[in-house]
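> structure, please.
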Amino acid sequence: MKALVLNEPGAPENLQLQETDKPIPQAGEVLVKVRAISINPVDTKTREGKAFYNTLKENPPVIVGWDILGEVVAVGEEVNYFKEGDEVFGMVNFPGSGKAYAEYVAAPEKHLAHKPANVSHHEAAAATLAALTAWQVLVHEAGIKAGQRVLIHAAAGGVGHFAVQIAKYFQATVIGTASEENHDFLRTMGADEQIDYHKYKVEDVVMDADIVLDSLGEENTRRSLATLKDGGKIISILGGATEAVQAAAKARNIEARNYLVHSSGEDETKLAELLEAGIIRSHVSHVFSFEDMAEAHKQVETRKTIGKVVVTVG
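The predicted structure follows:
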């Protein structure tokens, strides 16, 4: 099979199209013929030799990626949920070695969900790591409730645009930060209030949030403490809740935590239900071919993508 192999970390062009062995599904795994892949910032950082590169290096060849959409073409022993011919999607073996940049991926069935028939391949592929992050942070970590005020940073991005929609599903009031040109997009996603971070300091505008989802890092996490009410929660997906930030939060009776998304077919199935019902939708702003993966990485690295970047395979 063809795969994009990272023989050494570095530039996007280091992802080289090569022939590799097709994986054999083990017990509890299915073999998926990949149709589409979602690209995330963690992909580009891993390609550079950061993030999960050392983990991938332990299981050569080094094949980046975790988000897939495709068709089950074979099943291993002890597989009960999926059969050949099923269309599935999910985030595979994260954190770990997903090896998604390939024509075929062996994936644990417990990491996948059935693709809704009324959702496109691109939209399903996009609703994986980013959507799971938003769901797990808001639902499992923050315990979101109706009527709460939720501040979402980088709300027009991959995680952000899913977080806006999920928070609205739980009947929260949603405040999103984004450049002014993206405010109309935030409104279409359901955001009740929009803040242009170029013009305003968020801590000068928001002072009564119950939950903050931070995707920007320590400085932003620290500044965002001032946006929370007593007893509020801030969850950083970029390690922003350092010991110093946690100490400052504790002094104000605020809970500050870091969170790393994990593969979950159960959570993916819930997202599939919301996608099928039209309650949430993936916004795919850029689609590239498998051979143009380097260009997909460059687009993600602009940090200006609205929604998601997807790559088609085959």
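
> and the average pLDDT for the strand ranked longest in the chain is what?
Across the chain, the longest stretch assigned as strand under DSSP state E is strand 29-39. In this model, strand 29-39 has a mean pLDDT of 98.

> give the partner strands of that strand in its sheet and their orientations.
strand 67-75 (antiparallel), strand 104-108 (antiparallel), strand 308-312 (antiparallel) (DSSP bridges).

> looking at the ones you listed, which is nearest to residue 94?
Of all those, strand 67-75 sits nearest to residue 94, with 8.6 Å by CB to CB. Glycine gets a C-beta too; all of them are placed from N, C-alpha and C.

> residues contacting the closest one, please?
25, 29-40, 82-92, 98, 100, 104-105, 107, 109, 115, 121, 124-126, 128-129, 313 (CB atoms under 8 Å, 6 or more residues apart in numbering).

> cool, stretch 170-178 as well?
Contacts of stretch 170-178 (CB under 8 Å, 6+ apart): 138-139, 144-156, 160, 164, 167-168, 185-186, 189-197, 202, 206, 209-211.

> end-to-end on that stretch?
Using CA to CA, to the nearest Å, the end-to-end distance of stretch 170-178 comes to 22 Å.

> hang on, the earlier thing: taking the contacts of stretch 170-178, please make a ChimeraX selection of just the buried ones.
Buried members of the contacts of stretch 170-178, defined by 16 or more other CB atoms under 10 Å, are picked up in ChimeraX with:
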select :138,139,144,148,149,150,151,152,153,154,155,156,160,164,167,168,185,186,189,190,191,192,193,194,195,197,202,206,209,210,211
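
> the domain parsing of the protein - what is it?
2-127+282-312, 130-258 (automatic domain parsing).

> what pLDDT does residue 314 get?
81.

> not counting sequence-adjacent ones, nearest residue to the residue nearest in space to the middle of the chain?
Closest residue to the average C-alpha location of the chain: residue 130 at 1.6 Å, with CA atoms, centre = their mean. Excluding the flanking residues, the one nearest residue 130 by CB to CB, 6 or more residues apart in numbering is residue 158, at 3.7 Å.

> quick one: that neighbour and residue 310 touch, right?
No: applying CB atoms under 8 Å as the test, residue 158 and residue 310 come out as separate, 10.7 Å apart.

> which residues do those two both contact?
Joint contacts of residue 158 and residue 310 (CB under 8 Å, 6+ apart) are residue 126.

> and these two? Which one has more around it.
More crowded of residue 158 and residue 310, by other CB atoms under 10 Å: residue 158, with 29 against 25.

> next, the more buried one: phi, psi?
Residue 158 adopts backbone torsions of phi -60, psi -60, taken as degrees, to the nearest 10.

> so who does the residue nearest to residue 130 touch?
Contacts of residue 158 (CB under 8 Å, 6+ apart): 40, 41, 126, 129, 130, 305, 307, 308.

> which one (most neighbours) among those?
Of those, with other CB under 10 Å as the count, residue 126 tops at 33 neighbours.

> where in the stretch 1-150 of the chain is pLDDT low?
For the stretch 1-150 of the chain, applying pLDDT under 70 flags no range at all.

> before we move on, back to that, for residue 118, see how far away the residue nearest to residue 130 is.
22 Å (CB to CB, to the nearest Å).

> now swap in residue 19 and tell me
Residue 19 is 36 Å from residue 118, by CB to CB.

> Throw together a ChimeraX command that grabs the buried residues out of the contacts of strand 67-75.
Here is the ChimeraX command that selects only those of the contacts of strand 67-75 that count as buried (16+ other CB under 10 Å):
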select :25,29,30,31,32,33,34,35,36,37,38,39,40,82,86,87,88,89,90,91,92,98,100,104,105,107,109,115,121,124,125,126,128,129,313
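
> three-state assignment of residue 235?
Secondary structure, DSSP: H, G, I helix; E, B strand; the rest coil: residue 235 is strand.

> tell me the bridge partners for residue 89.
Going by DSSP bridges, residue 89 forms beta bridges with residue 69, residue 113.

> residue numbering should commence at 628 henceforth.
Taking 628 as the first residue, the last one we looked at is residue 716.

> hmm, it is touching residue 742, no?
Yes: Residue 716 is within contact range of residue 742, at 5.1 Å (criterion: CB under 8 Å).

> between the two, what contacts are shared?
Shared contacts of residue 716 and residue 742, defined by CB under 8 Å, 6+ apart, are found at 696, 751, 899.

> circling back to that earlier point, I'd like the strands paired with strand 656-666 as a markdown table, with distance to residue 878 appended.
A markdown table is the format used below for the strands paired with strand 656-666 (distance: least, CB to CB, whole Å):
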| stretch | distance to residue 878 |
| --- | --- |
| strand 694-702 | 39 |
| strand 731-735 | 42 |
| strand 935-939 | 38 |
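
> between those strands, which one is nearest to residue 632?
strand 731-735 (14.0 Å).

> pull the residues that contact the closest one.
So strand 731-735 is contacted by 628, 649-653, 655-661, 695, 697, 700, 703, 715, 717, 719-720, 725-726, 890, 892 (CB under 8 Å, 6+ apart).

> alright, I will stop here.
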